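Dropping the sequence and predicted coords here.
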Amino acid sequence: MKTNKEDHETQLIHQIVQGDTASFRILVDRYKDVAYSLACSIIKNPEAAEDALQDAFVKAFRSLPKFRFKASFSTWFYRIVINTCYSTIEKQKKQPTTPLDNLTLSHQSLDANTFDLLQDEERKAIINQILNQLKPKEALVLKLHYLGELPIAEIAKVTKMTVANIKVVLHRARKNFQSALDQLLGNEKKHLL
Amino acid sequence: MKKDRTQELLKQSALTPSDDFTNQLMQRIEQEKPIRFLVWHLAAIAGGLTTMLVFVFVIGNQLSIRLPGMATRLDLPPHTPQILLIVFVMLALNRLIILKKEMV
């Protein structure tokens, strides 16, 4: 059964296909943040991730007339994002990449501060540093599940993995996320995040 | 770690692309429109030309057509297929000129 959000999306997609390109902005604003987080977990370079995301949105726009509503738009679109990111990595394999410098935070700087005073940006940086320590597949599944709010069956469609495999990866990712958090912050400070 | 705690932390981690991301993207999307417009028009012209050529070379030799339900046959003037082909080519050229103007 379709939700109101899906109904609204279906209507939006029909409008876009009929030539109302301005409506595409609504889809962009709705999905850009989660999709960008996904792109960053595959491409460890913010600028390249942003470029790949632009390409993914353009591909989605071109392919919208072929979208048959068999899956939800989010599942279909995240699949495009992931494919585009892997293609970008293939293209850039020989080029050196810069790490997510703006997202890293040294352990020393954390020790100097109390975590309950952390600003949102700092919290974000710490969590992203932890996510970057995970395997790309684990970070991707975690983000699809918790950020993209996709059920396991939908994640399986996006990642082309089996449901059982997703469950294993998700369990391992949660465990690794926790241990990385412990390592970075120490058990006594974890609750303050 | 509880699932909802992971979710809470992950939600805080959401990254955002640069401020002008959407505007840049929408500019690219707007540029996609003429390309789509061009592709459809060229496809229509090519399709029309193919139909016309089929008419000229396959059916075009039969200039006397028997209309269903009528006793008499309809005799087309000589060179009708060629005339139709010329008209179509003129229309296609006209369409291409308009396209060129639209694309600039």
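Received it, and whenever you're ready, just let me know what you need. All values reported here derive from a predicted model rather than from experimental measurement.

Contact partners for the spatially most central residue of chain A?
Centroid-nearest residue in chain A, with C-alpha atoms, centre = their mean: A:L38, separated by 2.1 Å. The contact partners of A:L38, by C-beta atoms under 8 Å, 6 or more residues apart in numbering or on different chains, come to A:78, A:81-82, A:85, A:140, A:143-144, A:147-148. Quick note: C-beta positions are derived from backbone N, CA and C, even for glycine.

which one of these is nearest chain B?
Distance to chain B, by C-beta to the nearest C-beta, is smallest for A:L147 among those, at 5.5 Å.

For B:L67, see how far away A:N45 is.
Per C-beta to C-beta, to the nearest Å, A:N45 is found 70 Å from B:L67.

more neighbours, the two?
A:N45 (21 against 9; other C-beta atoms under 10 Å in any protein chain shown).

what residues does chain B put near chain A?
B:1, B:3, B:6-7, B:9-18, B:21-22, B:24-26, B:28-30, B:32-33 (C-beta under 8 Å from any C-beta of the partner chain).

List buried members of those by neighbour count.
B:6, B:9-10, B:13-15, B:17, B:21-22, B:25-26, B:29 (16 or more other C-beta atoms under 10 Å in any protein chain shown).

ok, the closest residue to A:F73 other than its chain neighbours - contacts?
Here the nearest residue to A:F73 in space, its sequence neighbours aside, is A:E9; by C-beta to C-beta, 6 or more residues apart in numbering or on different chains that works out to 5.1 Å. Residues in contact with A:E9 (C-beta under 8 Å, 6+ apart) are A:27, A:72-73.

which one of the residues you listed is nearest A:V168?
Closest approach between the contacts of A:E9 and A:V168, by C-beta to C-beta: A:S72, at 23.8 Å.

And the closest one, how close does it get to A:K157?
9 Å.

which ones among the residues of chain B next to chain A are found in strands?
Judged by DSSP state E, the residues of chain B next to chain A include no members of strands.

longest helix of chain A?
Using DSSP state H to assign secondary structure, the helix with the most residues in chain A is helix A:163-185.

for it, packing partners?
helix A:107-112, helix A:120-133, helix A:136-142, helix A:152-159, helix B:3-12 (3 or more C-beta pairs under 8 Å, 6 or more residues apart in numbering or on different chains; DSSP states H and E).

Contacts for the helix or strand hosting B:F88, please.
For B:F88, the enclosing helix or strand under DSSP states H and E is helix B:80-103. For helix B:80-103, contacts defined as C-beta under 8 Å, 6+ apart pick out B:34, B:37-38, B:41-42, B:45, B:48-49, B:52-53, B:55-56, B:60, B:63.

what's the spacing between the residue nearest to the spatial centre of chain B and chain A?
Nearest to the mean C-alpha position of chain B, by C-alpha atoms, centre = their mean, lies B:W40 at 1.5 Å. In this view, B:W40 and chain A are 11 Å apart by C-beta to the nearest C-beta, to the nearest Å.
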